[in-house]
Structures are given as C-alpha cells and as structure tokens.
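requesting a structural model of the entry that follows:
(one chain, ligands or ions: 2)
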Amino acid sequence: MQNELDTPAFRLAVAQFDEAAKRMNLDRNLHQRLKLPQRSLMVSIPVRMDDGRVEVFTGYRVHHDMSRGPCKGGIRYHLGVTLGEVAALAMWMTWKCALAGLPYGGAKGGVKVNPKSLSRDELQRMTRRYTAEIFPLIGPDRDVPAPDVGTDSQVMAWIMDTYSQQVGYASPGVVTGKPLSIGGSLGREDATGRGVVDVTLAAMKHLELDPSQATVAIQGFGNVGSHTARIMQEAGLKVVAVSDVNGGLYNPKGLDIPDILKRYREEGTPLGKIRSGDWITNEDLLQLPCTVLVPAALSEQITGKNADKLRCRILAEGANGPTTMEADAILAEKGIFVIPDILANSGGVIVSYFEWVQDAQRFGWKSKDIQERLHDIITAAFARTLAFATEHRTSMRMAALMGGIEKVAQAHLHRGLYP
Ligand SMILES: NC(=O)C1=CN([C@@H]2O[C@H](COP(=O)(O)OP(=O)(O)OC[C@H]3O[C@@H](n4cnc5c(N)ncnc54)[C@H](O)[C@@H]3O)[C@@H](O)[C@H]2O)C=CC1
Ligand SMILES: O=C(O)CCC(=O)C(=O)O
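Ligands and ions are numbered 1, 2, ... in the order given. Predicted coordinates for the structure are as follows:
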C-alpha cells in the first residue's frame, strides 16, 4: 500500500505530521500507526453510460483514524483523485475534527472522474454504485461522508437514498451536506466560507488590521470560494479578485460579487465573459497585492517556486493542503500570517456535525443558532491555536497540528492502545 500512497499530497501530510510529532515528542509506536490510514478501500465502479457502453471508474474511501468517534470527511469527484491524495485528505480530517473538538475521526473518499463530463443520469448511476461499493464502511455511527470538490447536496441525496434502500429505512445521518428536505441543515452550504471569514476577522483583530481597509483575493469559485467572497464582502472587506479553473477577474476597486454570483452560478456565464474586471491567470491571482489571500481550490498551489512572490498579509487556507512545507518556511520569513487549512476551513465539518446532531435529534435548529455556534467553536479554536503558537514560538500550522494530534494521542492513550 505504501507505494500507492506515495503522492505529493500524502508526502505533504506526512511531512507536516512528522514535524509536529517530533516537536511534541509523540510516542514512536503511535507515530508509526498514525502515519498510515487505519483502513483503505479501493473500488471499481462499473457504470452504464447513456450511449450503452459500460465504463469502469476507480473510487476510494479511506479511514485515517477513528479513536475519537465515527469517521468524517468529504467525497471528491476529480480526475486527479488518487489513493495517496484521499489518504492525505483523510489524515487532515483527523487533525481538523480533533482541533475543533468534534467527536469524529478522519476519513475521505473520491472517484477519479470529471463529473462535468457525465450526464446527470450517468452521475446518479455512478454515485449509487460507488455508494453500494463503499456500503460496508459508511453509516451514521461508522463513517459519515459530505461534499468536497466536484460533489454537492444532490450527490449527498443520492448517497443517502442508496444507503437507506440497503438498510430498509430512511437514514439521514449517513451523510451531511444534504438538501433540507431530507434532513440537511440550514447553513451547511455556506459554512466553510463563513468559517474562513470568522477566522480571518479574528486574525485581523489580532494583527490590528481594519476590515474596512482590507482587500481580498480568492482562488477557486466553487462552494468554498464563492461563499467566502460573498460573506467577506458582507463583512465589509473589498473582494478584488476571484478565479476558477480557467482563470480569474481582478478589479483593484472591488468586484461586484452579488452580480458575479448571479451571472456565474444562476445564469452559467463563464467568469471570462463577466467584464467587471481584468482577466488574470491563477498564478497572477496568487501574486496580487492584497490583505487576505484565500486559496480555495486544490492542494499544493503555493510552493517553493511562487511563495516568495506572494504579497498578502494573511493567508487564509480555504482549500486543503494548498501550501507546501518549503513555501511555509518562505512565508514565515516574509511575515505572512497563515491561518492553516485544518483551522481555516473547519467551518464545513463543524456545521456538518450540527447536521448530524440534528438528524439524530430529529429536530432542526435555527439559522441564527447555527451561525453563532459555528462562530463560537471556530473562534475558540483560533484563539487556542494562536495562544499555543505564541507561547511555544511556533507557526500557526504547527500549533494547529499539535493541538489536533494531542487530542488524538490522548484518545489512544485512554483507550489503552498506546504506548
Ligand atoms: N466543500 C466544503 O465544505 C469543503 C471544502 N474544502 C476544500 O476547499 C477546496 C475547494 O472545495 P469546494 O469549493 O468544495 O470545491 P468545488 O468543486 O465546489 O470548487 C472548486 C473550485 O476550484 C476551481 N479549480 C479547480 N482546479 C483549479 C485550479 N487548478 N486552479 C484554480 N482553481 C481551480 C474550480 O473551477 C472551482 O471553482 C478543496 O480543497 C476542498 O477540499 C475544505 C473544507 C470543506
Ligand atoms: O463536512 C464534512 O464532513 C467534511 C468536509 C471536508 O471534507 C473537509 O473539511 O475537508
């Protein structure tokens, strides 16, 4: 298995973990165990295509660690999906859930596919077959998937339906990020973006920066990027750049985000045809002068090659694993304040937790309560991480990782597994 795990994302996750484990003097046996997934399932997914052919897709579901509770983590549909990437994302989920104090372990899933190349019927058939193949691993008390890159509430609804058919009753708690009609939660759709804004505002307060004078550039305009843009603007910051896979728009005077959202999301107009700013590449976007840079697309975007060119004051990592370790060292030298992924983007899984609790309670919470509880949990995690980083003179990333790993280590210790 180790050869198949050997991908850039997995190497990054393990290198971060090794560094944190060394600093905290983590038990050697536990270190060896947590370097690898607890279990990984690789599945073949035969799908009848609309033209009658059968195409076989490859999918994965990985459980990194379940010492603290059921596993939790999204499902990614993307051509770049590999076992190593899914395993890295699962490891990050373990630390993320522990850091936020959620009673979960870490998991992730994925299918190597471009979902945009499938018809809606093909996508539904593929999702149902993938669910049937990973059925032995998932369940409300076992492993609870959610949306990630290339998946959304509709995909979660198909998973919930397929799982429910198998067990013979409606089981809303098997996934989060569902439509409201089948047990979804208010506020889950924009939760990751809302959390990014909550921690960005906390960082600005710490750095004594005025939000009304701040500019924001956001790479990625999907679930995380688009809601981050809207909520940043609602909070009084000026969003000067947004992008998707094809490139982005830049306007130093500020973009009209509600108008862009309406045309891009509701009318399907490509970003390049919305003339409210200059057209720039994704590489250009990362190098714009701005107060806050939010990578909200894929991993390893900020590397040893471009980190020196960043001109932001705060890097708020909406994406998972957007920054390599080499880049981290350069950003530290430049004095860029990094809010690491497992903290910055934890709003999604925090509200997923609320959804799972509401499903178990069969009782829906108000939007106001969800936003307040999200704010309380994520800003408390930010404050703990900042206090630890300051006291131990370490980076925010190492402080966040050590905070999460420590809770996982305690769970292993109390359960009598290690040392
Ligand atoms: N959806 C969620 O609740 C959470 C997502 N995340 C992370 O946030 C990131 C984005 O996820 P979502 O917004 O859910 O995905 P999404 O599929 O909704 O959107 C992805 C966006 O990234 C863009 N993109 C893809 N490749 C790109 C590239 N090479 N350069 C620039 N842009 C590119 C796409 O065009 C799209 O706008 C991922 O790293 C994901 O793991 C983290 C926590 C929760
Ligand atoms: O909402 C969830 O359960 C997980 C979201 C996710 O995949 C992530 O935080 O990376």
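
give the helix, strand or coil label for the residue of the stretch 1-150 of the chain found nearest ligand 2.
Nearest residue of the stretch 1-150 of the chain to ligand 2, counting by C-beta to the nearest ligand atom: Gly74, 2.6 Å away. C-beta here means a position set from N, CA and C on the backbone, and glycine is covered the same way. Counting by DSSP: H, G, I helix; E, B strand; the rest coil, the backbone at Gly74 sits in strand.

what pLDDT is listed against it?
Note for Gly74: predicted pLDDT of 98.

now Lys178
So, for Lys178, pLDDT stands at 98.

what is the burial count for it?
With neighbours defined by other C-beta atoms under 10 Å, the count for Lys178 comes to 26.

how about the one 10 residues further on?
The number of residues packed around Arg188, counting by other C-beta under 10 Å, is 24.

quick check: the gap between the residue lying farthest from the centre of the chain and ligand 1.
For the chain, the residue at maximal distance from the C-alpha centroid (C-alpha atoms, centre = their mean) is Gly52, at 35.6 Å. Distance from Gly52 to ligand 1, counting by C-beta to the nearest ligand atom, to the nearest Å: 29 Å.

with Leu261 instead?
For Leu261, the distance to ligand 1 - C-beta to the nearest ligand atom - is 12 Å.

quick one on the thing from earlier: grab the nearest non-local neighbour of the residue of the stretch 1-150 of the chain closest to ligand 2.
Asp148 (2.9 Å; C-beta to C-beta, 6 or more residues apart in numbering).

correct me if wrong: Gly272 contacts Trp279.
Yes. Judged on C-beta atoms under 8 Å, Gly272 makes contact with Trp279 at a distance of 5.9 Å.

neighbour count: these two, which is higher?
Higher neighbour count among Gly272 and Trp279: Trp279, with 16 against 12, using other C-beta under 10 Å.

pretty sure the more buried one sits in a helix.
No. Secondary structure of Trp279 (three-state DSSP): strand, not part of a helix.

gap between Ala203 and ligand 1?
Distance, Ala203 to ligand 1, by C-beta to the nearest ligand atom: 18 Å.

which residues touch that residue?
When contacts are counted by C-beta atoms under 8 Å, 6 or more residues apart in numbering, Ala203 touches Ile314, Ala316, Phe337, Ile339, Phe382.

tell me which of those residues fall in helices.
Phe382 (DSSP state H).

neighbour-wise, which one of the contacts of Ala203 leads?
Within the contacts of Ala203, neighbour counts (other C-beta under 10 Å) peak at Ala316, which reaches 28 neighbours.

okay, and the beta partners of that one?
Ile339 (DSSP bridges).

may I see the buried residues of the lowest-mean-pLDDT helix or strand in the chain?
Among the helices and strands of the chain, helix 2-5 carries the lowest confidence by mean pLDDT, DSSP states H and E, at a mean of 84. For helix 2-5, a neighbour-count test (16 or more other C-beta atoms under 10 Å) marks Leu5 as buried.

ok, and what's touching that helix?
Contacts for helix 2-5 (C-beta under 8 Å, 6+ apart): Leu36, Pro37, Thr82, Leu83, Gly84, Ala87.

next one: stretch 221-230
Against stretch 221-230 from outside (C-beta under 8 Å, 6+ apart): 147, 149, 152, 189-190, 192-194, 196-197, 216, 218-219, 239, 242-244, 248, 255, 257-258, 260-261, 264-265, 271, 294, 296-297, 318-319, 345, 348.

for stretch 385-394, same thing?
Counting by C-beta under 8 Å, 6+ apart, Arg23, Leu99, His206, Leu343, Ser395, Met396, Met398, Ala399, Ala400, Met402, Gly403 sit against stretch 385-394.

who does the residue nearest to Val149 when sequence neighbours are not counted bridge with?
Among residues not flanking Val149 along the chain, Arg76 sits closest, at 4.7 Å (C-beta to C-beta, 6+ apart). The partner list for Arg76 in beta bridges (DSSP bridges) reads Gly110.

what's around Arg76, how many residues?
Using other C-beta under 10 Å, Arg76 has 26 neighbouring residues.

ok, now how distant is it from Asn223?
The spacing between Arg76 and Asn223, counted by C-beta to C-beta, to the nearest Å, is 12 Å.

turn the contacts of helix 2-5 into TSV, including neighbour count.
Below are the contacts of helix 2-5 laid out as TSV (neighbours: other C-beta atoms under 10 Å):
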residue	neighbour count
Leu36	17
Pro37	25
Thr82	20
Leu83	23
Gly84	23
Ala87	27
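
re earlier: contacting residues for the residue nearest to Val149?
Contact analysis of Arg76 by C-beta under 8 Å, 6+ apart lists Glu85, Val86, Leu89, Lys108, Gly109, Gly110, Val111, Asp148, Val149, Gly150, Thr151.

Val245 now?
Counted by C-beta under 8 Å, 6+ apart, Val245 has contacts Asn282, Ala297.

so what does it look like in phi/psi?
Here is the backbone geometry of Val245 (degrees, to the nearest 10): phi -60, psi -30.

which pLDDT value belongs to it?
Listed pLDDT for Val245 reads 97.

try Leu209
Value for Leu209, per-residue pLDDT: 98.

can you get me a residue count around Asp198?
Per other C-beta under 10 Å, the neighbour tally for Asp198 reads 24.

quick check: it touching Ile378?
Yes. Asp198 lies in contact with Ile378 (C-beta under 8 Å); the separation is 5.1 Å.

so what sits against both of these two?
Common neighbours of Asp198 and Ile378 (C-beta under 8 Å, 6+ apart) are Gly347.

next, count neighbours for the closest residue to ligand 1 within the chain.
Nearest residue of the chain to ligand 1: Gly222, at 1.8 Å (C-beta to the nearest ligand atom). Using other C-beta under 10 Å, Gly222 has 18 other residues around it.

cool, and Met156?
Neighbour tally, Met156, other C-beta under 10 Å: 25.

also Phe17?
22.

how about it, secondary structure?
Recorded secondary structure, Phe17: helix (three-state DSSP).

and the longest strand along the chain, what does it pack onto?
With DSSP state E setting the assignment, residue counts place strand 54-65 as the longest strand in the chain. Judged by 3 or more C-beta pairs under 8 Å, 6 or more residues apart in numbering; DSSP states H and E, strand 54-65 is in contact with strand 39-48, strand 71-78, helix 83-100, strand 105-112, helix 120-134, strand 143-147.
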